[in-house]
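Colleague: Take a look and give me a structure for this.
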Amino acid sequence: MMLELKPRRFTVEEYNKMAEAGIFAGERVELIDGEILPLSAHDKMHSDSVALATNLLVRSYGATHLVRVGLPVQSGEYSEPEPDFALVRPEEQRQARRHPTRADLVIEVSYTSLAYDRLKKTALYASTGIPEYWIVNLVDRCLEQHLEPQPDQTAPFGFSYRVRRVYGPSDTIQPTAVPGPALTVGDLMAPE
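Modeller: This is a model prediction of the structure:
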């Protein structure tokens, strides 16, 4: 008889207890599907883009939403990603036991993590019911908008988005569930 060993998956509750106990000692990590994964390093283009986008998102949508920057969003029992941005209604923040479980818009600024953000993070956010997910794609200098989460047995976590649109730097985009002005895509990216 052969014994099959499987990795142990951590729950969000266990992960948070480890963080509170100081186990990660300042490491930048996130919990995805029960696995503790390191976050990619912040290169200059990513950091500058996050700084520019932070100012723009707060000015544009801060009257109705909290703009959470690099903070956790609980996604089920086994995942607590830390997206670059999550636009959360204030009542969701107040009602959350630890971190919000819902956001009207989640945004990842992607350079070195583009493939992962397109596959795993897209499926994860769709499985959580996030209605809209943007990837600020610094590699191809565009914004990828994902809408309408739906079951998809071929995708990780069993979900994907039905709609995917791509916008160039001079195009404008407006979140579907967040009131406020349209944004010019290029304003979310640091210059090359």
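
Colleague: contacts and neighbour counts: CA atoms only from here.
Modeller: Noted.

Colleague: leaving aside the residues next to it on the chain, what's closest to V69?
Modeller: F85 (4.7 Å; Cα to Cα, 6 or more residues apart in numbering).

Colleague: let me fix that: V139
Modeller: Nearest residue to V139 in three dimensions, chain neighbours excluded: Y111, at 5.6 Å (Cα to Cα, 6+ apart).

Colleague: for the one you found, phi and psi?
Modeller: Phi and psi for Y111, reported as degrees, to the nearest 10, are phi -130, psi -80.

Colleague: Could you do L52 as well?
Modeller: Geometry field for L52 lists phi and psi as phi -60, psi -50, criterion degrees, to the nearest 10.

Colleague: Go ahead and confirm it touches G186.
Modeller: No - proximity of L52 to G186 does not meet the contact threshold set by Cα atoms under 8 Å, at 10.3 Å.

Colleague: So if I had to pick from those two, which one is more boxed in?
Modeller: Residue environment comparison for L52 versus G186 gives the larger neighbour count to G186, 20 against 14, counting by other Cα atoms under 10 Å.

Colleague: Using the three-state scheme, assign the closest residue to the more buried one other than its chain neighbours.
Modeller: Sequence neighbours aside, P169 is the residue nearest to G186 in space, at 4.1 Å (criterion: Cα to Cα, 6+ apart). Here P169 is coil, with the state taken from DSSP: H, G, I helix; E, B strand; the rest coil.

Colleague: avg pLDDT for stretch 63-74?
Modeller: When pLDDT is averaged along stretch 63-74, the result is 94.

Colleague: Appreciated, that's everything.
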